[in-house]
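K.L.:
Show me how the following folds:
(4 chains)
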Number of protein chains: 4
Amino acid sequence: MARLQTAVAGLGRMGKRHALHFAEQTPRAQLVAVSSPDESELEWARRRLGPLGVTVYKNYDDMLKHEGLQAVVVASATAVHAEQTVKAIEKDLHVLCEKPLSTSIEISQSVLDAANRKPHLKVLCGFSRRFDASYRDAFAKTQAGTIGRPSVLRSQTCDKLDPSGFFVAYAQFSGGIFVDCSIHDIDLTLWFYGSEAKVKSVSAVGITAVEPDLRQFNDRDNAVGLVEFHDGRIAYFYASRMMAAGQEDSTEIIGTKGKLTVNTQPAMNLVNIYESSGVRRELPQHYFDRFREAFVTEAREFTDSCLDDTPVPLRLEDAVQAIRIGHALQEALIGEKKIFFDQTGKRIEKAAL
Amino acid sequence: MARLQTAVAGLGRMGKRHALHFAEQTPRAQLVAVSSPDESELEWARRRLGPLGVTVYKNYDDMLKHEGLQAVVVASATAVHAEQTVKAIEKDLHVLCEKPLSTSIEISQSVLDAANRKPHLKVLCGFSRRFDASYRDAFAKTQAGTIGRPSVLRSQTCDKLDPSGFFVAYAQFSGGIFVDCSIHDIDLTLWFYGSEAKVKSVSAVGITAVEPDLRQFNDRDNAVGLVEFHDGRIAYFYASRMMAAGQEDSTEIIGTKGKLTVNTQPAMNLVNIYESSGVRRELPQHYFDRFREAFVTEAREFTDSCLDDTPVPLRLEDAVQAIRIGHALQEALIGEKKIFFDQTGKRIEKAAL
Amino acid sequence: MARLQTAVAGLGRMGKRHALHFAEQTPRAQLVAVSSPDESELEWARRRLGPLGVTVYKNYDDMLKHEGLQAVVVASATAVHAEQTVKAIEKDLHVLCEKPLSTSIEISQSVLDAANRKPHLKVLCGFSRRFDASYRDAFAKTQAGTIGRPSVLRSQTCDKLDPSGFFVAYAQFSGGIFVDCSIHDIDLTLWFYGSEAKVKSVSAVGITAVEPDLRQFNDRDNAVGLVEFHDGRIAYFYASRMMAAGQEDSTEIIGTKGKLTVNTQPAMNLVNIYESSGVRRELPQHYFDRFREAFVTEAREFTDSCLDDTPVPLRLEDAVQAIRIGHALQEALIGEKKIFFDQTGKRIEKAAL
Amino acid sequence: MARLQTAVAGLGRMGKRHALHFAEQTPRAQLVAVSSPDESELEWARRRLGPLGVTVYKNYDDMLKHEGLQAVVVASATAVHAEQTVKAIEKDLHVLCEKPLSTSIEISQSVLDAANRKPHLKVLCGFSRRFDASYRDAFAKTQAGTIGRPSVLRSQTCDKLDPSGFFVAYAQFSGGIFVDCSIHDIDLTLWFYGSEAKVKSVSAVGITAVEPDLRQFNDRDNAVGLVEFHDGRIAYFYASRMMAAGQEDSTEIIGTKGKLTVNTQPAMNLVNIYESSGVRRELPQHYFDRFREAFVTEAREFTDSCLDDTPVPLRLEDAVQAIRIGHALQEALIGEKKIFFDQTGKRIEKAAL
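P.N.:
Numbers count the residues shown, from 1 in each chain, chains lettered A, B, ... in the order given. Next comes the predicted model:
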């Protein structure tokens, strides 16, 4: 049985997981190489992946020349996502790139352009929620007409409070809270409403409730955004870095005949604790705790798509469109204004009434 | 508009509530008198009820002679429930008697006999759960066939842990944990299965996990009982004095086509608290917190029944039968044996197979 | 015991309930009179309230002259709320006025002015959620510091889908979805953030997903609004006429240290139904099903406030301010623009950055 | 990296899953062989496992001779569990045997004896719940003292209603509902109470609510059992073949200071469906849907234990003791009696009081 010869670039928190998913949980793939510029990450790879026969590279370009390589997972720092993805495409390799392609619209578009020049390659941007069993069930029910026409979508991506200052340091590179967090909710919206949904307006507000230093990077720790579509639908998003109990990523899809909710009662597992202060349950602490299985499914389906030459589960165009909407929300937030677009996506000064 | 002239005997925790329910929340009733042998309770009555025109008696028999009196609520100590109820019946007064009629089967039967001699009187034993909106909804759905034939019933009456020693002191008079707590669950079973359900066998086990001193009164702080009926149904009950979080009274009615649950996710109100240890909700601390509205409904429906000469909402026979089953469970618990009955309710040495 | 001599004006759905609450569930009040211009409502009053000794008036002004009258509940059509309230104030009567005072800011302000001229009178605008036990528990916990500084508030008032066309007919008088529905959520925000919170900006979007005819009255059937406050807090609201399962009024208060939710898992009662399609629970169908007890508490506390000369539970200023914010949201919705205010509440063309 | 050379015997529903778990989800194991007497199962194996290099045997004994084989998973019919396990032990192979070892106490004991003669071998009976993340969390919290001393345990194993007659056919071989279903709950009890907990008495009742034909095999479709332990603890179990909504396996562990629940609000995933009849969620339909991940963890930990020579996660003695208790419950159920044991496990006629 031929297995997809795969390499992983970047071995930070997510890179390590992708490497292990391809090495140990994706039967049709074989992890053959990894790369990282970081010595401690390389040390981890030699110890953990070396015994599995994985070659460890310090240099990404060297890794691309690995004999027989067919696919690359780009899990490095966001700043090099696009460059590494394009290089891999140019080497005729399939690519699974962690989200976002880039925090820049233009650079994201350039990745799409590169991919479009090689239509035989599979290029997937890893929006993990698309691979989650609950979201898929909600999507299937929506497609089956259970809720009529989806018309209002509420979605939030909210991280656990981290008093270490991490989020401030991270804000320099994240593209802002809408581009970093709400991008998932935007992608869900494009999925449930269809890629043909055209944005009519965006507006947003935000605050720095716990991390005033975020302002120096034009970022906020809590933000709410509204998106209006030309076909008479709306979506609204909440992103936060301030959840006390844990990761809270939840979604409501409200249709003309019913409503579906995903994870509006978050829980780490099936245990409830009855004690003198009441009944308590614990929450996932990090998005990976919540989406662990989705990442494995993503690895398997990307592999299937490459080996079987079937379409990747989500269009790369959507990943670029999500960045566009995230940028518009971020601009509305920082610039304190409502922004309008015509049906072709062109920005206009005032909405057509 | 004629209002039911009502008196309340006993002004302990429940008596006070009954008095206020009839004085202030039962439009068709008028509270005209109360009695208590306890001076501090009388003092409360003079202060709180005096301004409402309520006459305060130290002596129950005197109160029964109150001009124009039509109905009595017996909320005194369990030991005098039966005696006071019978006296009121003999004075041609309607009676709402707190549960149980007595901890003794024979005395309970004597109340029923007295009531049967005056069929024009309304005599109601106050099993509050029969007046609870959720239990009534479950009963209505059962009657409507939603779950097919109810065949297995699980029910529990579990009190909050009280380290004060109250439960030990109380055990001298309570009749035991099955007679005191599970009596509610037994009554629910008679309601959902129908009064014609005949007990075939009972068995039970119990422990003293936190209150070893209960053993001197032949009682336990946790007990589980099984009841088998001749018509092929079973019920099982859990009673406890050891709940950390609060009162936990819940029921499952399992039928051949579905299941109904009542209060299997207890909560004091609609608030959830998200904090660093997880998501928490508080619980009712006492059965009155849980059944507050049911007691008011009970007062109103008893009043309606007296004024309109309609049947009381629950048969007094069931109240006596509940005591019988409670006693059998208590004997099975303490005597460590399984007890069998024939179809006529006669005890037999071995089940007819 | 002196009881507050109370009259109710208007005997529609809410008026009937107010009348019964004051007649039968408010021990310190006595319902002495009611009025309605509608013959069928008067007929109901004669039959249901007549036996309780209540005088029935066809004319509001006549009722105000009722001997000994001390307080009036204004539960008539919104269009006459203000006029009737002011008339009662001028007659030196306490007033409990159903929300809103008026759909007009100016008229609402005129009621406040009238009340301010008679500081010895109690004038309460009936925002029922302030009297709900769960909201009060959440407020008490917020005051106690459980969640740190409340910084983001999400709240929704969502009605059950009503295909009868009722909402279209109603839209002519309702003031629009933000003034009619979200007014409750705005009031909650003023409660939790404090009356001193000053609005910095509002924005809003809306659609007509099921009732396109609402557009002729400048209304929508689903709308989302954002409110930003000068002190670094935000609130966002969702209002809908399209809920399939029932009334869904829920709130999240998100603070710097924790979060409180109210009714994010709505349920009619404590019953769950297990059947072949899964586990199901039913929902309240109408806001009165959800807030039944709150209306009774409102009646009692208004009565206490009048008899004991204590402050009413919510400032009339807040009721006027809620209308102002509702209007601004409605204008942002229909005018498709973001609207800014300075610290004094004056509208400005562009936010001070 | 050396991988555990593993074979799977039996390729029915569970056998197929075990085979795939060892082939594709257990990095340290290699599936090298499978066997089945069933031609259609062999055909599946050739098609699905052949490409992975797995040798397919029609005969179990032949498979045991597979070159380099180190471990066997026995997933065949219950009737041959013990025989195949003993044969593997005698060939010096590690064994993971599906539960139960046998429906006979004596045969189960003979497996334990065989294992005890080869203490260097790992012999694990696959009680999947011990590998479930939620049960493990509950166990860890219990060990940490969160609930004080565990004193009452309620646990149920309830299958979805299957009107096909499957359960009747199955009853011939299952050992009865307590041995087949409650064995899991008994095992959980031994885990949480400790293997040293000695049974004092058992009692049980049961009915045939939907499958009267079960009686010909001395079985029931609903049964409740009570187990009392000599150290002052109790456990009670409910087993059913009649759940309308799906698989319902839930547990409560009640201690002197608190309570833990596992899966008392079952759900298939994180989706809730709001529709005109209320809010609904779907349930797992089969135990495998619920315990999917636990089976994978079981495969991995068995493999680790074999390769690293560490103790298996659950003592084989417990698996035999669980059968003993299941048998006693089944006898109490069918024989309509309470059964007593002394501290040494010897059956006695009457409990020592």
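
K.L.:
Let's verify the closest residue to chain B within the stretch 101-250 of chain A: helix, strand, or coil?
P.N.:
Nearest to chain B in the stretch 101-250 of chain A, going by Cβ to the nearest Cβ, is A:Ala245, at a distance of 4.2 Å. All C-beta atoms are positioned from the backbone trio N, CA, C, and that covers glycine. Three-state call for A:Ala245 (DSSP: H, G, I helix; E, B strand; the rest coil): coil.

K.L.:
what's the spacing between it and D:Ile186?
P.N.:
Relative to D:Ile186, A:Ala245 is positioned 35 Å away (criterion: Cβ to Cβ, to the nearest Å).

K.L.:
which of these two has more neighbours?
P.N.:
D:Ile186 (30 against 27; other Cβ atoms under 10 Å in any protein chain shown).

K.L.:
Run the chain-centre distance for the helix or strand where the more buried one lies.
P.N.:
Element membership for D:Ile186, per DSSP states H and E: helix D:183-193. The chain centre lies 10 Å from the centre of helix D:183-193; the measure is Cα atoms, centre = their mean, to the nearest Å.

K.L.:
which strands and helices sit next to that helix?
P.N.:
helix D:133-143, strand D:150-160, strand D:222-229, strand D:233-243, strand D:248-255, helix D:316-335 (3 or more Cβ pairs under 8 Å, 6 or more residues apart in numbering or on different chains; DSSP states H and E).

K.L.:
Just the buried positions in the last one, please.
P.N.:
Along helix D:316-335, the positions that meet the burial threshold by neighbour count (16 or more other Cβ atoms under 10 Å in any protein chain shown) are D:316, D:318-334.

K.L.:
Repeat that for the first one.
P.N.:
Buried residues in helix D:133-143, counting neighbours by 16+ other Cβ under 10 Å, are found at D:Ser134, D:Tyr135, D:Arg136, D:Asp137, D:Ala138, D:Phe139, D:Lys141, D:Thr142.

K.L.:
what about it and chain A, touching?
P.N.:
Yes - applying Cβ under 8 Å from any Cβ of the partner chain, one finds helix D:133-143 touching chain A at D:Ala133, D:Ser134, D:Asp137, D:Ala138, D:Lys141.

K.L.:
and that helix, average pLDDT?
P.N.:
What helix D:133-143 shows for mean pLDDT is 98.

K.L.:
ok, now the fourth one?
P.N.:
This predicted structure assigns strand D:233-243 an average pLDDT of 98.

K.L.:
quick check, that strand touching chain C?
P.N.:
Yes - Strand D:233-243 lies within reach of chain C by Cβ under 8 Å from any Cβ, at D:Met243.

K.L.:
neighbouring strands for that strand, and are they parallel or not?
P.N.:
Within its sheet, strand D:233-243 is paired with strand D:150-160 (parallel), strand D:222-229 (antiparallel), according to DSSP bridges.

K.L.:
would you turn those into CSV with mean pLDDT?
P.N.:
Below are the strands paired with strand D:233-243 laid out as CSV (pLDDT from 0 to 100):
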stretch, mean pLDDT
strand D:150-160, 98
strand D:222-229, 98
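
K.L.:
which of those sits most buried?
P.N.:
Ranked by mean neighbour count, the strands paired with strand D:233-243 are led by strand D:222-229 with a mean of 26 (mean count of other Cβ atoms under 10 Å in any protein chain shown).

K.L.:
Quick one: distance of that one to the chain centre.
P.N.:
Taking mean C-alpha positions (Cα atoms, centre = their mean), strand D:222-229 and its chain are 18 Å apart.

K.L.:
Could I have the CA atoms of it written out in CSV?
P.N.:
In CSV, the C-alpha atoms belonging to strand D:222-229 read as follows (Å, rounded to 0.1, in the frame of the first residue of the first chain):
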residue,chain,number,x,y,z
ASN,D,222,-35.1,-4.8,32.5
ALA,D,223,-33.5,-5.7,35.8
VAL,D,224,-32.3,-3.9,39.0
GLY,D,225,-29.8,-5.3,41.4
LEU,D,226,-28.6,-4.4,44.8
VAL,D,227,-25.2,-5.3,46.2
GLU,D,228,-24.2,-4.7,49.8
PHE,D,229,-20.5,-4.9,50.8
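
K.L.:
What pLDDT does the model give A:Glu196?
P.N.:
A:Glu196 carries a pLDDT value of 86.

K.L.:
do the same with the one 10 residues further on
P.N.:
At A:Gly206, the predicted lDDT confidence score is 98.

K.L.:
ok, now which ones touch it?
P.N.:
The contact partners of A:Gly206, taken as Cβ atoms under 8 Å, 6 or more residues apart in numbering or on different chains, are A:Ile177, A:Arg220, A:Asp221, A:Asn222, A:Ala223, A:Val224, A:Leu333, C:Ile234.

K.L.:
likewise A:Ala322?
P.N.:
A:Pro100, A:Phe127, A:Ile183, A:Ile186, A:Asp187, A:Leu190.
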